[in-house]
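*Asks:* sequence first, predicted coordinates after that:
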Amino acid sequence: MYFEGSEKKAEIVIDSNKLSLLSDFDDTFWQQLVSCCNAQILSSISNDQCKAFLLSESSLFVWHDRLLILTCGVTHLVNSVEHLLKNIPHQHIKQVIYQRKNEYFSHEQPSCFGDDIQLLAKYIDGWAYRFGEMDAHHNFVFHQKNQFIAAQEDKTYELLAYQISEQASKTLTTPGLSAATIRQFLNIEQLLPDFIIDDFVFQPYGYSLNAIKQEKYLTIHVTPQEGSSYVSFESNLNLIELAPTILAILQPASFDLLTFNEFDFVEKIPEIIPANYVSKSLVKETLTNGYFVCFANFIKPQLSFNKPAILDITGENHAL
């Protein structure tokens, strides 16, 4: 059994002097927005500054002045973005950012990045970029073209781990695994002291976690199946500092780091990347909305190689 763990992601910033996403919209609105991409809300946690929804496919975070939604699987996230653009006056929207990563099973997606951007172009003008090489890990980023300039302290971090170690995959696919056991394996108590935690174990495999503390957040999504394993971390905590702990646990064959407004990215990277990884991509660009975006891809050079995989071509749920 396989699953597309790689997420699409959207972040929308609004003018909180005119509207509060946290106070002026009830859960029914967010349920409708999530259903537009064919996902469902499973649970939520909140504090005075943030509400975090755990979804059947990833997460939604809402603050007074912005929202962040990530969805995986074969969800159609751009439809949720369209729903928001139709239901919030355009003059209240300060910025729209939309991202898609390279996918394991892109042929199964309901749309490609180009399709998504064509839909968004009906509502907003924008710029699109590709960070990383086309024949390797990469991340597409679209953002709205307007006068918005991001504050320098507006930082986000993504750490995306591919092909986690055989031991990590076996541990995370153990039948009957509890959320508490997964939190212990991922060392959540050390990574997120004093955070409010909401997590869910999917059957037969998969795990999602949302964590909030004041305006801070972190979300983790685990697709542990050997052959298409993928674990993502997204946060406004400094994941470069947490990377050594995460990489030591998962020992992925490759991983990406993507940051917004981490101005010391290039200087910090050599200090935290284990010596057994080599860089395949390291690019940076300041977008016209003011965000300084850095993308790096690292791989663990292989000394031995797998035999050709025997593929199951029966039934509808095959990976071809």
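*Replies:* Ah, there it is.
*Asks:* so how far is residue 46 from the nearest residue to residue 239 once chain neighbours are set aside?
*Replies:* In space, and not counting its chain neighbours, residue 239 is closest to residue 157: 3.7 Å by C-beta to C-beta, 6 or more residues apart in numbering. (Each C-beta comes from the backbone N, C-alpha and C, glycine too.) Computed as C-beta to C-beta, to the nearest Å, the residue 157 to residue 46 distance reads 22 Å.
*Asks:* low-confidence ranges, this protein, go.
*Replies:* Applying pLDDT under 70 to the chain flags residues 1-2, 315-320.
*Asks:* which parts of it are helices?
*Replies:* Ranges of helices within the chain are 27-35, 77-87, 113-120, 166-172, 179-185, 188-191, 239-250, 265-272, based on DSSP state H.
*Asks:* please identify the most buried of those.
*Replies:* Among those, helix 77-87 has the highest mean neighbour count (mean count of other C-beta atoms under 10 Å), at a mean of 20.
*Asks:* now it - C-alpha only, CSV.
*Replies:* In CSV, the C-alpha atoms belonging to helix 77-87 read as follows (Å, rounded to 0.1, in the frame of the first residue of the first chain):
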residue,chain,number,x,y,z
LEU,A,77,-5.9,22.3,-2.3
VAL,A,78,-6.3,25.1,-4.9
ASN,A,79,-10.0,24.6,-4.7
SER,A,80,-9.9,25.6,-1.0
VAL,A,81,-7.8,28.7,-1.9
GLU,A,82,-10.5,29.6,-4.5
HIS,A,83,-13.2,29.2,-1.9
LEU,A,84,-11.4,31.7,0.4
LEU,A,85,-10.8,34.2,-2.4
LYS,A,86,-14.5,34.1,-3.2
ASN,A,87,-15.6,34.6,0.4
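*Asks:* off-centre distance for it?
*Replies:* 18 Å (C-alpha atoms, centre = their mean, to the nearest Å).
*Asks:* so that helix versus helix 113-120, what angle?
*Replies:* The directions of helix 77-87 and helix 113-120 differ by 10 degrees, with axes from the mean of the first three to the mean of the last three C-alpha atoms, to 10 degrees as the criterion.
*Asks:* summarise which helices and strands helix 77-87 is packed against.
*Replies:* strand 8-14, helix 27-35, strand 66-71, strand 93-101, helix 113-120 (3 or more C-beta pairs under 8 Å, 6 or more residues apart in numbering; DSSP states H and E).
*Asks:* so which of those comes closest to residue 205?
*Replies:* Among the helices and strands packed on helix 77-87, the nearest to residue 205 by C-beta to C-beta is strand 66-71 (17.8 Å).
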